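Peer 1: All I have is the shape, not the residue letters:
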Ligand SMILES: N[C@@H](CCC(=O)N[C@@H](CS)C(=O)NCC(=O)O)C(=O)O
């Protein structure tokens, strides 16, 4: 999108992020901070009050007709400010333009495509999370069929991520992946940044449980894995 009728305030700085600390805002905030660490990238942050619907006002709709954050404004030439909308598209734009060494992206076409595939996967799945919240908790009267439908849809989406990360379909190796995109165990990239912020409670829960000494010991392969402890195997004669 090419912005024309700009409010002077918005053209003052070369790179600006209009955001709020929501999952879609966070993913772009994270990439900007990562780019700062690697390249010293600087930008201006502008916070949008979603409670008062600032994002539905005319000035904002000129930048993003979808009336949602995040929006990235980039002054590409003296008189031209580009408005980039849709969080995953912003991640791709920033990575392509400001991450020259591909620290958060990939050199090879197939790995680059993997990152885009997983960005698309989550971008198209994320709205289902909102639908699930609505039909499971937000309706005045319970609608059991709808609640069950959206819950199943969400569980299916989570199971796709889980099985991808588990590496179970990686052929013989079945090595768990560390990141969503990239060969082998993968590499931290925009695909992870685009997905991770949508799981704040789940992640805290996983970390909280995983940090318990009893849990660490209770899942210790050195103690409980039959390959490492063949002496503990029980076999019927
Ligand atoms: N597909 C859009 C969704 C953006 C979105 O849903 N933003 C939310 C905050 S996470 C928002 O602005 N909500 C306020 C509203 O809908 O008016 C993207 O990825 O950028």
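Peer 2: Sure thing, it's come through. All figures in this text were calculated on a predicted structure; none of them were measured in a lab. Numbers count the residues shown, from 1 in each chain.

Peer 1: Point out the other helices and strands that the longest helix seen in the chain packs with.
Peer 2: Assignment by DSSP state H gives helix 109-133 as the longest helix of the chain. Using 3 or more C-beta pairs under 8 Å, 6 or more residues apart in numbering; DSSP states H and E, the elements in contact with helix 109-133 are helix 87-98, helix 144-166, helix 190-195. For the C-beta atoms, the positions are set from N, CA and C on the backbone; glycine is no exception.

Peer 1: List the contacts of that helix.
Peer 2: Identification of contacts with helix 109-133 by C-beta atoms under 8 Å, 6 or more residues apart in numbering yields 23-24, 86-88, 91-92, 105-106, 150-151, 153-154, 157, 160, 164, 180-183, 187, 189-191, 194-195, 198.

Peer 1: can you give me the angle it makes with helix 87-98?
Peer 2: 150 degrees (axes from the mean of the first three to the mean of the last three C-alpha atoms, to 10 degrees).

Peer 1: The chain should start at 53 in everything you say after this.
Peer 2: I'll keep to 53 as the first residue from here, and by that count the last item is helix 161-185.

Peer 1: avg pLDDT for helix 161-185?
Peer 2: Averaged over helix 161-185, pLDDT sits at 95.

Peer 1: repeat for stretch 215-223
Peer 2: Across stretch 215-223, the average pLDDT comes to 87.

Peer 1: If you count neighbours, what's buried in that stretch?
Peer 2: Going by neighbour count (16 or more other C-beta atoms under 10 Å), the buried part of stretch 215-223 is 216, 219.

Peer 1: now it, how far from the centre of its chain.
Peer 2: With C-alpha atoms, centre = their mean, to the nearest Å as the basis, stretch 215-223 stands 20 Å off its chain's centre.

Peer 1: Then stretch 145-162?
Peer 2: Centroid separation between stretch 145-162 and its chain, computed with C-alpha atoms, centre = their mean, is 16 Å.
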